[in-house]
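Asks: Sequence plus the predicted model coming up.
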Amino acid sequence: QVHVVESGGGLVQPGGSLRLSCAASGFTSPFVMSWVRQAPGQGLEWGSDIVFSGRQTLYDDSGQGRFTISRDHAKNTVYLQMNSLKPEDTAVYYCVKKVDNYFSGYFEIWGQGTLVTVSS
């Protein structure tokens, strides 16, 4: 059974940085991993994708240039490095495994989420 577990959330000041981690286990085939966030009172917002090899990534406009998604196969972990954080980045961040190794695949397994709060 596949599990994904996020960590690394917390309180950070505007302009600061934070790195989220997502540990995956139990998988038997390659897959895309995504980061999806939900701001307070808002709907889910997709942020970024990375293919299994790590060679291809996608970002939404809000994270482009500020966020970097990467993965470490030795640790079965995907990271989201977030720089120049803004108050509007405040949200619960979810790591989501897609059903296959294509960006077009649907979301299959969700982590429990980790809260990021950007505030002075």
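Replies: Perfect, I can see it now.
Asks: okay, which residue is most central for this structure?
Replies: Of all residues in the chain, the one closest to the mean position by CA atoms, centre = their mean is Trp35, 2.7 Å from it.
Asks: Which secondary structure state does that residue sit in?
Replies: Classification of Trp35 by DSSP: H, G, I helix; E, B strand; the rest coil places it in strand.
Asks: before we move on, what SS does the closest residue to it other than its chain neighbours have?
Replies: When the adjacent residues along the chain are set aside, Trp35 lies closest to Gly47, with 4.5 Å between them (CB to CB, 6 or more residues apart in numbering). Just so you know, the C-beta spots here come from the backbone N, C-alpha and C atoms, and that holds for glycine as well. Per three-state DSSP, the secondary structure class of Gly47 is strand.
Asks: Touching, Gly47 and Arg37? I think so.
Replies: Yes: in this structure, Gly47 sits in contact with Arg37. The criterion is CB atoms under 8 Å, and the distance is 5.7 Å.
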